[in-house]
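Q: compute the structure for the input listed below.
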Amino acid sequence: MSRPILRLATRFTRRTRATAWAIAFACMVLVGAMSLADGLANGVGSVANRIGTGPAVYIQGNELLASAIDPVALSNVSGDFVAMRAHAAVLEINGLTLSVFVIALESYHAGVGTPGFPLGPRNVSLDVGLRDQIQSESGMPVASSGNLSLFGLHLTDLPIVAPPPTRSALFPDDWVYVPSDLLIAMNATRGGPAQAILSDAPLDPAVIASLRLTRLETLGAIGFVRGSVAEVQSSLALLALVIAVVIGLLIYAAMSLEVHARAREIATLRSLGASPATLAGVYEAQAVILALAGAILGSALGIVAAHAVVSLAPLAGLPNLVILSPPTVAVGLALLISGVAAVLGGFVPSRRAAVLARTKGAMPS
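A: Sure thing, here's the model as predicted:
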């Protein structure tokens, strides 16, 4: 008796397989979306932690490249700080032509500025990320010299030296570093002013007012992004509720049709001694098995889809701030709502099977 019951409980028809795939798709969307949202929250948190340990950055106006701080006034700023010059340029090396940012750093102590790396009037330092890009695209080691176009001038055969020994956590790893004197020599009007002041301690408000400086509120932007991610995560809770309702309706429809189509099988099992409660449990169990099978498959597909999105984002030129972690909560939620929805959605069809089992008219002729 137990074998026919077990076969009835675990037999998948074309209808139930389609329902399982529909449940899998719903769970894939839920798990994938939750994984990406949690990964974005992790990535934004990582960026915020990096920025929180970095210096305060002051510029004139609202854009770094448009800022122009008078170099003469820098000697009047008290405390230790770094003056940064930043300009867009074109680098020619290894047969490649690359758009880059040229950076010159000058350390100030007691009003006296000291040029930072690289040393030498014409040396150019390529950071590690830019070096990796050059080697990857050209298929050869970074050349010992290159050309640089800036301020309408074209400098050739500039020596390429080692990457900077130290770098702030704020800085990306694909910048080009040159001596500040080189920028000033190329164009004193455009290369002389500093674009930013970097200080470990906040500057005196009087200095900020006199130089018309504005502190970059990067953390404010991070906070806005964090709030947006939190709203998305809250919305996903509503999505989970909607998916639970959809799964419940899918289970109800599939199991109702199964009970109607198997009325003769139900009558046969009843004639073999199966109780109405046993038959109701069979269909309730089948609903749960159906939902959990779809949830497990959908969770696996959701994890794969989330990793695929993260992997393909850089290929599409999109920034990748997503740090994926094991989606334990997302998978657990998918299994939970699928199981609960299956129990609730299969309740009425299973009771209907019990009613059919009690009805003498369900007996086979």
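Q: tell me which element Leu183 falls in.
A: For Leu183, the enclosing helix or strand under DSSP states H and E is helix 180-186.
Q: those strands in this structure, which residues are they?
A: Assigned strands in the chain, in chain order: 56-60, 81-93, 96-109, 112-115, 124-126, 145-150, 153-161, 176-177, 196-199, 213-215 (criterion: DSSP state E).
Q: wait, which of the ones you listed is closest to Ser234?
A: Ranking the strands of the chain by distance to Ser234, with Cβ to Cβ as the measure, places strand 213-215 first at 31.1 Å. Yep, even glycine has a C-beta here, placed from its N, CA and C like the rest.
Q: would you map the helices across the stretch 151-300 of the chain?
A: With DSSP state H, counting those that start in this stretch as the criterion, the stretch 151-300 of the chain has helices at 180-186, 188-191, 205-210, 218-261, 263-271, 276-312.
Q: need the contact list for the most centrally placed residue in the chain.
A: Most central in the chain under Cα atoms, centre = their mean is Val322, positioned 2.1 Å from the mean C-alpha point. Neighbour list for Val322: 36, 39-40, 42-43, 309-310, 313 [criterion: Cβ atoms under 8 Å, 6 or more residues apart in numbering].
Q: thinking again about what came up before, so for the helix holding Leu183, mean pLDDT?
A: Helix 180-186 shows a mean pLDDT of 91 in the predicted model.
Q: hmm, who's touching that helix?
A: In this structure, residues lying in contact with helix 180-186 by Cβ under 8 Å, 6+ apart are 83, 85, 87, 102, 104-106, 115-116, 121-122, 150-151, 153, 155, 191-192.
Q: buried subset of the residues you listed as a PyMOL selection?
A: In PyMOL, selecting the buried portion of the contacts of helix 180-186, with burial taken from 16 or more other Cβ atoms under 10 Å, looks like this:
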select buried, resi 83+85+87+102+104+105+106+115+116+122+150+155+191+192
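Q: now the strands of the chain as JSON lines including mean pLDDT and distance to Val72?
A: As requested, the strands of the chain are exported to JSON lines (pLDDT from 0 to 100; distance: least, Cβ to Cβ, whole Å):
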{"stretch": "strand 56-60", "mean pLDDT": "86", "distance to Val72": "14"}
{"stretch": "strand 81-93", "mean pLDDT": "92", "distance to Val72": "12"}
{"stretch": "strand 96-109", "mean pLDDT": "92", "distance to Val72": "13"}
{"stretch": "strand 112-115", "mean pLDDT": "88", "distance to Val72": "11"}
{"stretch": "strand 124-126", "mean pLDDT": "95", "distance to Val72": "27"}
{"stretch": "strand 145-150", "mean pLDDT": "94", "distance to Val72": "23"}
{"stretch": "strand 153-161", "mean pLDDT": "94", "distance to Val72": "24"}
{"stretch": "strand 176-177", "mean pLDDT": "94", "distance to Val72": "24"}
{"stretch": "strand 196-199", "mean pLDDT": "89", "distance to Val72": "14"}
{"stretch": "strand 213-215", "mean pLDDT": "84", "distance to Val72": "15"}
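Q: Ala330 is nearest to which of the ones you listed?
A: Taking Cβ to Cβ as the criterion, Ala330 comes closest to strand 56-60 out of the strands of the chain, the separation being 36.8 Å.
Q: between the closest one and strand 81-93, how many degrees?
A: Using axes from the mean of the first three to the mean of the last three Cα atoms, to 10 degrees, one finds that strand 56-60 and strand 81-93 are set 80 degrees apart in direction.
Q: how about strand 56-60: buried residues?
A: When burial is assessed from 16+ other Cβ under 10 Å, strand 56-60 yields the following buried residues: 57-60.
Q: cool, and stretch 270-288?
A: Counting neighbours by 16+ other Cβ under 10 Å, one finds that the buried residues in stretch 270-288 are 270, 274, 276, 278-288.
Q: and stretch 15-30, by the same measure?
A: Judged by neighbour count using 16+ other Cβ under 10 Å, the buried positions of stretch 15-30 are 16, 19-20, 22-30.
Q: nearest residue to the residue nearest to the centre of the chain in space, ignoring adjacent ones along the chain?
A: Setting aside the residues directly before and after it, Val322 is nearest to Gly39 in space (Cβ to Cβ, 6 or more residues apart in numbering), at 3.9 Å.
Q: do I have it right that the one you found meets Leu324?
A: Yes. Under the criterion of Cβ atoms under 8 Å, Gly39 makes contact with Leu324 at 4.3 Å.
Q: more crowded one of those two?
A: In this view Gly39 and Leu324 are compared by other Cβ atoms under 10 Å, and Gly39 has more residues nearby, 22 against 17.
Q: OK, contacts around the residue nearest to Val322?
A: Applying Cβ under 8 Å, 6+ apart, we find Gly39 in contact with 306, 310, 322-325.
Q: roughly how far does it sit from Asp70?
A: Applying Cβ to Cβ, to the nearest Å, the value for Gly39 to Asp70 is 44 Å.
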